[in-house]
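**Q** coords please:
(chains A and B)
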Amino acid sequence: GAGVSQSPSNKVTEKGKDVELRCDPISGHTALYWYRQRLGQGLEFLIYFQGNSAPDKSGLPSDRFSAERTGESVSTLTIQRTQQEDSAVYLCASSSEAGGWDTQYFGPGTRLTVL
Amino acid sequence: AQKITQTQPGMFVQEKEAVTLDCTYDTSDPSYGLFWYKQPSSGEMIFLIYQGSYDQQNATEGRYSLNFQKARKSANLVISASQLGDSAMYFCAIVFGNEKLTFGTGTRLTIIP
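**A** Model prediction:
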C-alpha cells in the first residue's frame, strides 16, 4: 500500500514569507507526527496528532509554527515569517492506533531552504 | 529528562563483516520502546527494528538484531554480513508513554568494498 507522502519535496523561500508543508499519512493511521531535522543532526519532535484528541504541540519552537489536521487524514504544517534558522528537512510520520508503541513510518520529507 | 546517546559519529566497516552500532539511554521510566531507523542519502527514515522494555528476548529482523541489555540501558544494533547498501545514517530512538520519539544524534556507517 501507499506510504506516507509529503509535498513539496523541496521548497525555497525568502526570509519573512509564509510556507505550508503537507503530509498525507498512511490510510487508517490515526497518529501523525511532525519532526524537524537540521543538517547533520537528529530529529526534533514538533507536534503530534492522535485521533480526535487535542494535539501535543510541546515541540513547536515558536508561535510562528502551527499545524492542523483534517480528521484522520491530511496535515499541514505552517511556518509564518520564515527565518533562516527554519531551514531544515521537515519529516512527517504516521502510526496506527493498536496499543503499545506502534512503529512510526516516515515520509520522504520536505527540504525547506530560507534565503 | 529522557536522553539517548549514540557515541559513534562515524564507522567504516569492510563489506560482509558484522557491525555493532552503539546506543545507550537514560530513563527512570520502566516502560519504554526502542527503535532503530536507517536514513540513506535519499533522506527517508526507514524503520529497522523495535524492542520493548519488557520483551524477554532480543529483537531480530533479518540481518538486524538488537543487543538489548536493560540493566546497562543499552540497545545496540547488530548488522550481520554487511552490504554496500547498508551505508547510511542510523538513528536510535526511544519512546515513552507520551509517544514522542526522542532520537539520538546518529551514526554514519560506511561499508567499504
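**Q** Can you get me a residue count around residue 52?
**A** As the question left the chain open, I've gone with chain A. Residue A:52 has 8 neighbours, counted by other C-beta atoms under 10 Å in any protein chain shown. In short, each C-beta sits where N, CA and C put it, glycine included.
**Q** oops, I was thinking of chain B
**A** Residue B:52 has 15 neighbours, counted by other C-beta under 10 Å.
**Q** Quick one, grab the pLDDT at it.
**A** With respect to pLDDT, residue B:52 scores 91.
**Q** And residue B:102, by the same measure?
**A** Turning to residue B:102, the model gives it a pLDDT of 89.
**Q** In this structure it contacts residue B:92, no?
**A** No. Residue B:102 is beyond contact range of residue B:92, at 9.6 Å (criterion: C-beta atoms under 8 Å).
**Q** Could you tell me which residues touch both of the two?
**A** residue B:4 (C-beta atoms under 8 Å, 6 or more residues apart in numbering or on different chains).
**Q** Between those two, which is the more surrounded one?
**A** Neighbours of residue B:102 and residue B:92, each counted by other C-beta under 10 Å, are more numerous for residue B:92; the result is 28 against 20.
**Q** ok so the more buried one is a strand residue?
**A** Yes. Assigned with DSSP: H, G, I helix; E, B strand; the rest coil, residue B:92 falls within a strand.
**Q** And residue B:84, its phi and psi?
**A** phi -60, psi -30 (degrees, to the nearest 10).
**Q** Appreciated, that's everything.
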